[in-house]
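Participant: Provide a 3D model corresponding to the input given below.
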Amino acid sequence: MVQQTKDRTVIAQEIAALGPWFHNMRIGGIETAPGHFLGDYPAVKWKAFRHVVPEDLEGRSVLDIGCNAGFYAQEMKRRNAGRVLGIDSDPHYLRQAKFAAEQAGVDSKHGQPVGSRR
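Facilitator: Residues are numbered from 1 along each chain as shown. I've put the predicted structure just below:
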C-alpha cells in the first residue's frame with residue numbers, strides 16, 4: 001500500500017466533494033459517512049462474515065458487483081487477491097471507489113457494466 005501524502009484538510013474536502021457516501025470508509029483517518037443510519041457500514045457487516053473469506057487470495061480474481069465505494073474490493077486486495085474488479089451502475093459510486101482506492105494505494109479497477117444506463 002502506498003503511503004498517503006495528502007494533507008487531512010485536502011482529503012476532507014475531496015471526501016465532501018464526492019458525497020454523499022453510502023459506505024463509511026476511513027480515508028486518511030477521516031470517515032466518509034460517520035452518521036450512517038446502519039452504523040459503521042459496511043465494516044460492521046464485514047466483521048460478521050470475513051472469517052469465511054480465505055485470508056490469502058493470492059492469484060485469485062474477484063468481481064465486486066454493485067461495488068459502491070469499493071469497501072469490499074479493498075478488503076479483497078488486502079487479502080492479496082491478484083485482480084479485483086468492482087462494477088456499479090452509478091458513476092457517482094465509481095468516482096468514490098476510484099478515489100478511495102487511490103488514497104489506500106490499492107490497485108483495483110472500477111467501471112460500469114456494458115449496457116449500463118446511468
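
Participant: where does this structure dip in pLDDT?
Facilitator: Applying pLDDT under 70 to the chain picks out residues 1-5, 114-118.

Participant: what number of residues lie near the residue lying closest to Ile30 once chain neighbours are set aside?
Facilitator: Sequence neighbours aside, Ala12 is the residue nearest to Ile30 in space, at 5.3 Å (criterion: C-beta to C-beta, 6 or more residues apart in numbering). From N, CA and C alone the C-beta is placed, and that goes for glycine too. Around Ala12 there are 16 other residues, counting by other C-beta atoms under 10 Å.

Participant: what does Gly105 give?
Facilitator: For Gly105, the neighbour count with other C-beta under 10 Å is 12.

Participant: list the contacts for the residue nearest the centre of the chain?
Facilitator: Centroid-nearest residue in the chain: Gly70, 2.3 Å away (criterion: C-alpha atoms, centre = their mean). Shown in contact with Gly70 (C-beta atoms under 8 Å, 6 or more residues apart in numbering): 23, 64, 86, 96-98, 100-101, 106, 108, 110.

Participant: In JSON lines, list these along with neighbour count, distance to Leu57 and secondary structure.
Facilitator: Shown next, in JSON lines, are the contacts of Gly70 (neighbours: other C-beta atoms under 10 Å; distance: C-beta to C-beta, whole Å; DSSP: H, G, I helix; E, B strand; the rest coil):
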{"residue": "His23", "neighbour count": "21", "distance to Leu57": "20", "secondary structure": "coil"}
{"residue": "Asp64", "neighbour count": "21", "distance to Leu57": "12", "secondary structure": "strand"}
{"residue": "Gly86", "neighbour count": "27", "distance to Leu57": "15", "secondary structure": "strand"}
{"residue": "Gln96", "neighbour count": "27", "distance to Leu57": "23", "secondary structure": "helix"}
{"residue": "Ala97", "neighbour count": "29", "distance to Leu57": "19", "secondary structure": "helix"}
{"residue": "Lys98", "neighbour count": "18", "distance to Leu57": "21", "secondary structure": "helix"}
{"residue": "Ala100", "neighbour count": "26", "distance to Leu57": "19", "secondary structure": "helix"}
{"residue": "Ala101", "neighbour count": "21", "distance to Leu57": "16", "secondary structure": "helix"}
{"residue": "Val106", "neighbour count": "19", "distance to Leu57": "13", "secondary structure": "coil"}
{"residue": "Ser108", "neighbour count": "24", "distance to Leu57": "12", "secondary structure": "coil"}
{"residue": "His110", "neighbour count": "24", "distance to Leu57": "18", "secondary structure": "strand"}
